[in-house]
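S.K.: Here is a sequence with its predicted model. Questions after.
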Amino acid sequence: MYEPRTFSDKLFLVLKGLAMGAANKVPGVSGGIVAFVGGFYEEFIYSLQKINLKALKLLLNGRFKSFYRYVNGPFLTLLIFGMLVSYFSISKILDYFLERKELFVWATFFGMILGSIYFISKDFKHWNKKTITAGLLGLLVGISISFLSPARENDNLWFIFICGMISVSGMALPGLSGSFILILLGNYVLLLVDSVNALYDTFAEVIKGDFSFIENNERLNTLKILSIFTLGSAVGLVTLSHILSYVLKHFKHITTAVIIGFITGSLGVVWPWKRTIFKTDETGQVFLDSNGKEIILNYERYSPDFGSPETWWAFFFVVLGVIILLGLEWYGAYRKK
């Protein structure tokens, strides 16, 4: 069990949380990849697995220190803190660049995923009939998900809860993008844009001593949706961690092969050269969310124009993404020495 001791240990763990939070918000990118490459994936799953009946008994009996130690509290607290900060800082910066330099952002992420495929597969020496079949299955599922058409927005609370359970898989399963799943389910804007912004605005108003949101039924409904989504995410993450812990223990090589295949198949989601398909009405008018942003439905992919300087800049950012990923690998290996 990892316990951060020095200030640098704690700071680096918060930075990992920041990276996971930012990755989870970008369609096509998985926070689980950050955990896998950062070398703390198994620790993350193990810690979540400790949230069980024994932990609940410790909590109900008032043994808070024992509970905190049992669930690997120092590790989870700093990591989750980084994720939360990311949603209100890093992810907003990411939104800014996605609006203005979308091609270069996608190119960077594409390079990072290429680097992660290399990182995961370079030391994997267990290819056989079973693992090759598992890898091909993961590849097919990843490709299939890349080309699914999204559903319409649905604010039914039971469906929101299920969205939370399903979307959180991006943190637990490397290569499976929780935010892209929300696009497919039709609730990306509602749950990762409108709800988060509503919470941010509410915090900002409360700090100023303004409690007028209590009279705002639309705001209260959005916050209720966010709370149900958060509850579903927590239940899904803890449940999935128990399943993954068992799978990793008993079928580690097959699981790794599936992950390699799945991440490779998901490259189609983050293909840099694509046009955004917005939600429109019969006349072609683009629908806007509550913040005046166009509502994204999906993406149309195309081949790069090698005669355009922008294309070569995009290739530069692909290489940069690979370097960033390998740099993280090198830094993680250096810290273990």
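M.R.: It's in.
S.K.: What is the helix or strand containing Ala107 packed up against?
M.R.: For Ala107, the element it lies in under DSSP states H and E is helix 102-121. When contacts are defined as 3 or more CB pairs under 8 Å, 6 or more residues apart in numbering; DSSP states H and E, helix 102-121 packs onto helix 31-37, helix 90-100, helix 252-265, helix 309-336. In short, each C-beta sits where N, CA and C put it, glycine included.
S.K.: again, 6 Å this time
M.R.: Packed against helix 102-121 by the contact rule (3 or more CB pairs under 6 Å, 6 or more residues apart in numbering; DSSP states H and E) you find helix 31-37, helix 252-265, helix 309-336.
S.K.: Only the buried residues of the second one, if you could.
M.R.: Going back to what we said before, that points to helix 252-265. Ile254, Thr255, Thr256, Ala257, Val258, Ile259, Ile260, Gly261, Phe262, Ile263, Thr264, Gly265 (16 or more other CB atoms under 10 Å).
S.K.: now the helices and strands packed on helix 102-121 in JSON lines, with distance to Gln285?
M.R.: Putting these into JSON lines (distance: least, CB to CB, whole Å) gives the following:
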{"stretch": "helix 31-37", "distance to Gln285": "35"}
{"stretch": "helix 252-265", "distance to Gln285": "35"}
{"stretch": "helix 309-336", "distance to Gln285": "29"}
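S.K.: before we move on, the earlier item: which among the buried residues of helix 252-265 gets closest to Gly138?
M.R.: For those, the minimum distance to Gly138 (CB to CB) is 2.9 Å, reached by Gly261.
S.K.: show me what contacts that closest one?
M.R.: Residues counted as contacts of Gly261 (CB atoms under 6 Å, 6 or more residues apart in numbering) are Gly135, Gly138, Leu139.
S.K.: Strands of this protein, residue ranges please.
M.R.: 274-278, 296-301 (DSSP state E).
S.K.: Columns mean pLDDT and distance to Ser179 on top of the helices and strands packed on helix 102-121, output as JSON lines?
M.R.: Below are the helices and strands packed on helix 102-121 laid out as JSON lines (pLDDT from 0 to 100; distance: least, CB to CB, whole Å):
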{"stretch": "helix 31-37", "mean pLDDT": "75", "distance to Ser179": "9"}
{"stretch": "helix 252-265", "mean pLDDT": "84", "distance to Ser179": "16"}
{"stretch": "helix 309-336", "mean pLDDT": "79", "distance to Ser179": "18"}
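S.K.: Please enumerate residues in contact with stretch 164-180?
M.R.: Stretch 164-180 has contacts (CB under 6 Å, 6+ apart) with 24-25, 27-33, 36, 181-182, 229, 232-233, 236-237, 240, 244, 259, 262-263, 266, 269.
S.K.: hang on, Gly186 packs against Glu153?
M.R.: Yes - when contacts are counted by CB atoms under 6 Å, Gly186 is listed as touching Glu153 (4.7 Å).
S.K.: For Val105, see how far away Tyr96 is.
M.R.: Counting by CB to CB, to the nearest Å, the gap from Tyr96 to Val105 is 10 Å.
S.K.: cool, and Leu56?
M.R.: Remark: distance between Leu56 and Val105 (CB to CB) = 41 Å.
S.K.: Neighbour count for these two, which is higher?
M.R.: Each of Leu56 and Val105 has its neighbours counted (other CB atoms under 10 Å); Val105 has more, 21 against 11.
S.K.: so who does the more buried one touch?
M.R.: Taking CB under 6 Å, 6+ apart, one finds Phe97, Leu98 in contact with Val105.
S.K.: Just give the number of residues close to the nearest residue to His253 once chain neighbours are set aside.
M.R.: Excluding the flanking residues, the one nearest His253 by CB to CB, 6 or more residues apart in numbering is His126, at 4.3 Å. Residues near His126, counting by other CB under 10 Å, number 12.
S.K.: swap in Leu136?
M.R.: Leu136: 14 neighbours (other CB under 10 Å).
S.K.: shouldn't Trp273 be in contact with Tyr302?
M.R.: Yes - using CB under 6 Å, Trp273 is in contact with Tyr302, at 5.4 Å.
S.K.: Among the two, which residue is more densely surrounded?
M.R.: Using other CB under 10 Å as the criterion, Trp273 and Tyr302 rank with Trp273 on top: 18 against 10.
S.K.: Report the contact partners of the more buried one.
M.R.: Per CB under 6 Å, 6+ apart, neighbours of Trp273: Tyr302, Pro304.
S.K.: Quick check: pLDDT value at it.
M.R.: Per-residue pLDDT puts Trp273 at 88.
S.K.: and it, what are its phi and psi?
M.R.: With angles defined as degrees, to the nearest 10, Trp273 sits at phi -90, psi 90.
S.K.: please begin residue numbering at 18 from this point
M.R.: Sure, I'll start numbering at 18, so the last one becomes Trp290.
S.K.: roughly how far apart are it and Thr328?
M.R.: 8 Å.
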